[in-house]
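[1] how would this look folded up:
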Amino acid sequence: MKKAQLVFIPFPGLSHLVSTLELAKLLINRDNRLRITVLLIDFSLSKETDVYIKSLPISDSLNFINLPECFVPPNTNPRVVFDALIEAQKPNVREAVSDLITGEQHGPLAAFVVDMFCTTMIDIAKEFSVPTLLFFTSGVACLGLNLHIHTLCERDNVDPTQLLQQTELAIPTFANLIPSYSFPSSVLSKEWESLFMKYNGGFKKADGIIVNSFEELETHAVHSFSSHPELADLPIIYPLGPILTPKPETKGVVESDDIIKWLDDQPPSSVVIFCFGTSGSFDEDQVKEIAYAIENGGARFVWSLRKPQLKGAMAALSDYSLSDLSLVLPEGFLDRTRGVGRVIGWAPQTQILAHPATGGFVSHCGWNSTLESIYFGVPIATWPIYAEQQTNAFELVVELKMAVEIALDYKVEFNGGPNYLLTADKIERGIRNVLDMDGEVKKKVKEMSETSRKTLLEGGSSYTYLGLLVDYIMNQI
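    A predicted model of the protein is given here:
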């Protein structure tokens, strides 16, 4: 039997790593001729990643190599640190791949699959004369926006920060004009400009781009890659999603089974979950506004409330102790809301979204969370914080009409504060809208939920794209 070997290079951040390994599982489950070796870059924040990797079934098809640690000079900007880390690992990758191909028992090397933040590894793939497939962990519309702005900068010499002076912009992967406040923060800031140009230039050098999305969800965006003249010459895209990511188990102040038991006692579709991702946190003023909105609205709730990082720190978020909680929340809040809701630390988000009692999700609109909410049929009230979350929020509310708005332009600057305080009345309105039982939004989300489950089955678009990707890989050897 003809075998093909793939080298995967994931970014060491938890959500990127888990998504990439779920993609690896998808490929080897689809075709038993594929053998995947994952090169793991060590980074001190990745304790939870060890837990996740140890939970994966050991198989002949999936191997891991821990790359040696590299010294990287400290920098207050984490992206600069990560970029230097990827660059410093090139010799180690070269050596690991050389060792792999001399051992050839897993078949000839067919391709590299690299994370969207590891595009400089394309240089190493070229040394081994194999193609590179890029894994983009956000949506197709967002990919198109990044590529379009890169083209404007490179071809027309546009300064990305000038784009802010235009209120709206036409982007090929969006059917609507998109306001400049919905651009990803990497586009808008001078300090990110060189990295933005470097990464997106790397996207264009890839031989194909795997996207964690599906054609039925982002129909306009997917079709624009083949129909729009500006995108037609770019690498072929393979929307293979939704690739859902199981979250590694970590325990918060309240055990996760306790929350699920509490949800078991609530009426169907009656609970709103507030959860803002692995890095989403708020200062005390904003926490109090959320609390007033919850109390005034009276809806049942589960609120994942995390302790903010110290400014400039790169540590993972931690949970409040119960005594600290009562200091940041309005006095008596926990007692007054005891019957209707729970304030917790880390949340078992997937389990909560899958629970029939959950009726709405106040979310930062990270792409993994967005796909989970669609898969489980829970409508979102949008509250983006950083990265490309404003773009995702705009797409959900305006393009897809599958979410309600709390905010579209809320933004927390890196190493800085938020651009404004979101008031309790706005948050409360969002909670009411997202729980609206007869709403058009809820109906759309339920329909897309069914579609998202079918697309990976035979006959679905993601199933078909996965087959095309496997064919492409096998044709390389």
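
[2] Okay, now the unreliable bits of this structure?
    Counting by pLDDT under 70, the ranges of the chain that qualify are 43-48, 104-106, 247-255, 310-315.

[3] just checking, Y199 is part of a helix?
    Yes. Counting by DSSP: H, G, I helix; E, B strand; the rest coil, Y199 is part of a helix.

[4] ok, and the closest non-adjacent residue to it?
    Of all residues not flanking Y199 in the chain, T119 sits nearest, at 5.7 Å (Cβ to Cβ, 6 or more residues apart in numbering). Just so you know, the C-beta spots here come from the backbone N, C-alpha and C atoms, and that holds for glycine as well.

[5] ok, the one you found - contacts?
    L134, K198, Y199, G201, G202, F203, K205, A206 (Cβ atoms under 8 Å, 6 or more residues apart in numbering).

[6] next one: F225
    Contacts for F225 (Cβ under 8 Å, 6+ apart) come out as V140, G144, T173, L231, A232, L234, I236, I237.

[7] Please repeat the previous calculation with a cut-off of 10 Å.
    Counting by Cβ atoms under 10 Å, 6 or more residues apart in numbering, F225 makes contact with 140, 143-144, 147, 172-173, 209, 211, 231-232, 234-237, 239.

[8] Can you flag which of those residues belong to helices?
    V140, L143, G144, L147, L231, A232 (DSSP state H).

[9] Just give me the neighbour total for the first one.
    For V140, the number of neighbouring residues by other Cβ atoms under 10 Å comes to 28.

[10] now the residue nearest to it when sequence neighbours are not counted: how far from V80?
    Nearest non-adjacent residue to V140, counting by Cβ to Cβ, 6+ apart: A221, 4.0 Å away. Per Cβ to Cβ, to the nearest Å, A221 is found 30 Å from V80.

[11] what do you get for V187?
    In this view, V187 and V80 are 17 Å apart by Cβ to Cβ.

[12] In terms of neighbours, single out the busier of these two.
    Set V187 next to V80 and count neighbours by other Cβ under 10 Å: V187 wins out with 22 against 17.

[13] Could you verify that the more buried one is part of a helix?
    Yes. Counting by three-state DSSP, V187 is part of a helix.

[14] Does it touch L147 like I think?
    No. Using Cβ atoms under 10 Å, V187 makes no contact with L147, being 11.5 Å away.

[15] SS state for F301?
    Here F301 is strand, with the state taken from three-state DSSP.

[16] which residue sits closest to it in space, ignoring its chain neighbours?
    Once flanking residues are discounted, F301 sits nearest to G341: 3.7 Å by Cβ to Cβ, 6+ apart.

[17] Then I427?
    Of all residues not flanking I427 in the chain, A293 sits nearest, at 3.6 Å (Cβ to Cβ, 6+ apart).

[18] quick one, phi psi at that neighbour?
    The phi/psi pair for A293 (degrees, to the nearest 10) reads phi -60, psi -40.

[19] Okay, strands next: where are they in the stretch 101-250 of the chain?
    Secondary structure of the stretch 101-250 of the chain, counting by DSSP state E, counting those that start in this stretch: strands at 109-115, 132-136, 168-169, 178-179, 208-211, 236-239.

[20] can I assume the residue nearest to I427 is in contact with G341?
    No. The pair A293 / G341 is not scored as a contact, 11.9 Å apart, by Cβ under 10 Å.

[21] and those two? which has more neighbours close in?
    The neighbour count for A293 versus G341, taken as other Cβ under 10 Å, is higher for A293 (25 against 22).

[22] which residues does that one contact?
    For A293, the contacting residues are 274, 299, 301, 362, 406, 422-432, by Cβ under 10 Å, 6+ apart.

[23] Could you list which of the residues you listed belong to helices?
    Reading helices off the contacts of A293 with DSSP H, I get A424, D425, K426, I427, E428, R429, G430, I431, R432.

[24] Out of those residues, which end up buried?
    Applying 16 or more other Cβ atoms under 10 Å to the ones in helices among the contacts of A293, the neighbour count classes A424, K426, I427, E428, R429, G430, I431, R432 as buried.

[25] Please report how far the second one lies from I406.
    From K426 across to I406, the span is 6 Å (Cβ to Cβ).

[26] The fifth one too?
    As for R429, its distance to I406 is 8 Å (criterion: Cβ to Cβ).

[27] Could you report the neighbour count for the nearest residue to E22 once chain neighbours are set aside?
    In space, and not counting its chain neighbours, E22 is closest to I243: 4.8 Å by Cβ to Cβ, 6+ apart. Counted with other Cβ under 10 Å, residues neighbouring I243 total 24.

[28] Touching, I243 and F135? I think so.
    Yes. At 9.4 Å, I243 and F135 qualify as touching, with contact defined as Cβ under 10 Å.

[29] Now list whatever residues contact both of these two.
    With Cβ under 10 Å, 6+ apart, I243 and F135 have common neighbours S19, T20, L23, I210, V211, N212.

[30] Relative to the whole chain's centre, how far out is the helix or strand hosting the first one?
    Right, the one you point to is S19. Assigned by DSSP states H and E, S19 belongs to helix 14-30. Helix 14-30 has its C-alpha centroid displaced from the chain centroid by 13 Å (Cα atoms, centre = their mean, to the nearest Å).

[31] and it with strand 132-136, angle?
    Angle of helix 14-30 versus strand 132-136, following axes from the mean of the first three to the mean of the last three Cα atoms, to 10 degrees, is 120 degrees.

[32] Using CSV, list the CA coordinates for whichever helix or strand comes after helix 14-30.
    Per DSSP H and E, helix 14-30 leads on to strand 34-40 as the next helix or strand towards the C-terminus. C-alpha atoms of strand 34-40 as CSV (Å, rounded to 0.1, in the frame of the first residue of the first chain):
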residue,chain,number,x,y,z
LEU,A,34,-1.5,8.9,5.8
ARG,A,35,1.2,9.1,8.5
ILE,A,36,1.5,12.3,10.4
THR,A,37,4.5,13.5,12.5
VAL,A,38,3.8,16.5,14.7
LEU,A,39,6.8,18.7,15.6
LEU,A,40,6.0,20.3,18.9
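
[33] Strand 34-40 pairs with which strands, and in what direction?
    Strand 34-40 sits in its sheet next to strand 4-9 (parallel), strand 62-66 (parallel), going by DSSP bridges.

[34] Adding distance to F225 and mean neighbour count as columns, could you present those in JSON lines?
    Listed next are these as JSON lines, based on distance: least, Cβ to Cβ, whole Å; neighbours: other Cβ atoms under 10 Å:
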{"stretch": "strand 4-9", "distance to F225": "23", "mean neighbour count": "24"}
{"stretch": "strand 62-66", "distance to F225": "30", "mean neighbour count": "15"}
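
[35] Go through the strands of the stretch 101-250 of the chain and name the closest to Q390.
    Taking Cβ to Cβ, strand 178-179 is the member of these nearest to Q390, at 9.1 Å.

[36] elements contacting that closest one?
    Strand 178-179 sits against strand 168-169, helix 389-394, with contacts defined as 3 or more Cβ pairs under 10 Å, 6 or more residues apart in numbering; DSSP states H and E.

[37] Contact partners for T20?
    8-11, 38, 113-116, 118, 135, 137, 210, 212, 243, 245.

[38] domains of this protein?
    4-245+453-474, 256-452 (automatic domain parsing).

[39] where's the spatially closest residue to A232 that is not a sequence neighbour relative to T464, distance?
    Spatial nearest neighbour of A232, chain neighbours left out: S226 (6.5 Å); criterion: Cβ to Cβ, 6+ apart. Taking Cβ to Cβ as the measure, S226 falls 14 Å from T464.

[40] Many thanks, we can stop here.
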